[in-house]
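Undergrad: With the input below, show me the fold.
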Amino acid sequence: MSDPSSLKELGNLREEVELRLKLKALKSSNIQQSEVDELRKEVVLLRCRVDDNAGEIKKKINEGIRPEFVSIPQTGEICNYTSLGRSKLYDLIASNKDNGFKPLVESVSLRQPGSRSGKRLIVLKSLLAYLYKETERFQESIRKEAPSE
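TA: Down below sits the predicted model:
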């Protein structure tokens with residue numbers, strides 16, 4: 001949590017909590033409604049700043065920080081890094097006759113011995129390497145089909 005944005009966000013959250021506590025204490029005492037309204041406005045402004053910081057953090061994450069492993073998305077969702085769906089990802093990590101029982105993409109299953117279920121993670125580097133290889137293969141096929149001048 002050494003990221004300045006994260007620290008700033010935590011500071012804003014702490015400020016919001018403190019303001020909420022003040023607001024709660026003031027509600028129980030005899031104060032004017034205008035003071036309560038002023039505190040409410042401050043809380044709303046802090047929420048806006050926190051939301052803005054969260055957007056900045058998400059943007060930084062999307063700009064190049066990638067994990068080593070990614071989960072298979074839930075049904076109906078897509079992978080955040082490749083936009084591939086659940087079925088296609090399972091096809092790529094499957095070991096079957098078509099691929100010589102050698103999966104096209106590396107994955108790991110985290111399952112306790114004797115357990116019926118676990119968590120399957122895909123090695124993102126392997127998945128991206130496969131996609132780049134497929135892209136290159138596609139580009140090469142286009143070059144071969146292009147009419148010569």
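Undergrad: need the next SSE after the lowest-mean-pLDDT helix or strand in the chain, C-terminal direction.
TA: Lowest by mean pLDDT, DSSP states H and E among the helices and strands of the chain is helix 33-62, with a mean of 64. Using DSSP states H and E, the helix or strand that follows helix 33-62 towards the C-terminus is strand 69-71.
Undergrad: Which strands and helices lie in contact with that following strand?
TA: On a contact count with 3 or more Cβ pairs under 8 Å, 6 or more residues apart in numbering; DSSP states H and E, strand 69-71 meets strand 119-123, helix 124-145. C-beta coordinates here come from the backbone N, C-alpha and C atoms, glycine included.
Undergrad: Please identify the deepest-packed of these.
TA: Mean neighbour count (mean count of other Cβ atoms under 10 Å) peaks for strand 119-123 among these, with a mean of 17.
Undergrad: got JSON lines for the helices and strands packed on strand 69-71, with mean pLDDT and distance to residue 39 too?
TA: Listed next are the helices and strands packed on strand 69-71 as JSON lines, based on pLDDT from 0 to 100; distance: least, Cβ to Cβ, whole Å:
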{"stretch": "strand 119-123", "mean pLDDT": "94", "distance to residue 39": "44"}
{"stretch": "helix 124-145", "mean pLDDT": "91", "distance to residue 39": "46"}
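Undergrad: Quick one, which of the ones you listed gets closest to residue 109.
TA: strand 119-123 (5.0 Å; Cβ to Cβ).
Undergrad: List of residues touching the closest one?
TA: Residues outside strand 119-123 that contact it (Cβ atoms under 8 Å, 6 or more residues apart in numbering): 68-72, 89, 92-93, 105-111.
Undergrad: And those residues, which is closest to residue 83?
TA: When the contacts of strand 119-123 are compared for distance to residue 83 (Cβ to Cβ), residue 89 wins out at 10.8 Å.
Undergrad: What pLDDT does the model give the closest one?
TA: For residue 89, the model assigns a pLDDT of 95.
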